[in-house]
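Peer 1: can't give you the sequence, but here's the structure:
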């Protein structure tokens with residue numbers, strides 16, 4: 001059994017976190033631990049019509065972002081990594097600065113210090129120099145920056161196919177292979 005922490009912050013793109021949880025919900029050997037910020041809860045509802053309770057039902061365990069002493073905030077709580085999808089610029093910046101003042105940022109900080117995969121699906125465009133420097137800083141710390149960018153080689157015909165393509169790439173980074181993942185088979 002592998003534990004994966006899934007965080008949602010308030011950036012647009014709540015569908016990525018939702019779809020990640022939906023895909024992991026059906027993988028028996030994965031236990032998910034969910035953290036949702038208050039802005040993420042609002043964005044989730046605005047963009048998908050889903051409530052916090054509906055998304056909590058997809059996770060094995062839910063942790064309040066205010067619960068700074070939750071299990072996931074300890075390095076002794078073994079996980080296979082953490083994904084923040086979507087990751088706001090505010091959350092990205094707080095992680096880079098080590099401002100572990102809430103459970104989401106504290107858990108990301110612990111993930112980095114324990115040298116476990118931390119994948120940030122940063123949702124912002126265009127990026128200014130400050131954003132880019134923050135991303136470089138996080139990459140130097142060991143974070144994986146995976147902004148959701150559509151791939152078109154598989155000729156997606158729906159928004160769900162575009163979202164799934166990004167989610168599948170993130171799961172690959174965690175060494176979670178979905179049997180129905182779309183893969184490039186060459187020309």
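Peer 2: That came in fine, so what should we check first? Computed from a predicted structure; not experimentally measured. Numbers count the residues shown, from 1 in each chain.

Peer 1: Would you mind pulling up the elements that the lengthiest helix in the chain packs against?
Peer 2: If you go by DSSP state H, the chain has its longest helix at helix 159-173. Applying 3 or more CB pairs under 8 Å, 6 or more residues apart in numbering; DSSP states H and E, we find helix 159-173 packed against helix 14-25, strand 81-87, strand 118-122. Placement of C-beta: from N, CA and C, glycine included.

Peer 1: Please repeat the previous calculation with a cut-off of 6 Å.
Peer 2: helix 14-25 (3 or more CB pairs under 6 Å, 6 or more residues apart in numbering; DSSP states H and E).

Peer 1: Would you mind pulling up the elements that the helix it packs on packs against?
Peer 2: strand 2-8, helix 38-48, strand 81-87, helix 159-173.

Peer 1: which of the ones you listed sits most buried?
Peer 2: strand 81-87 (a mean of 28; mean count of other CB atoms under 10 Å).

Peer 1: What strands flank it, and is each parallel or antiparallel?
Peer 2: strand 2-8 (parallel), strand 118-122 (parallel) (DSSP bridges).

Peer 1: In TSV: those strands, plus mean pLDDT.
Peer 2: Formatted as TSV, the strands paired with strand 81-87 follow (pLDDT from 0 to 100):
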stretch	mean pLDDT
strand 2-8	98
strand 118-122	98
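
Peer 1: Out of the ones you listed, flag the one nearest residue 84.
Peer 2: Residue 84 sits nearest to strand 2-8 of all the strands paired with strand 81-87, at 4.2 Å, using CB to CB.

Peer 1: and the angle from that closest one to helix 14-25?
Peer 2: 160 degrees (axes from the mean of the first three to the mean of the last three CA atoms, to 10 degrees).

Peer 1: Identify the residues contacting strand 2-8?
Peer 2: 17, 20-21, 30-36, 40, 72, 79-80, 82-84, 104, 107 (CB atoms under 6 Å, 6 or more residues apart in numbering).

Peer 1: Stretch 10-30 now?
Peer 2: Contacts of stretch 10-30 (CB under 6 Å, 6+ apart): 1-2, 4, 6, 8, 32, 37, 39-40, 43-44, 47-48, 58, 85-86, 88, 121, 123, 148, 163, 167.

Peer 1: Over to residue 13: give its phi and psi.
Peer 2: Dihedral pair for residue 13: phi 110, psi 30, per degrees, to the nearest 10.
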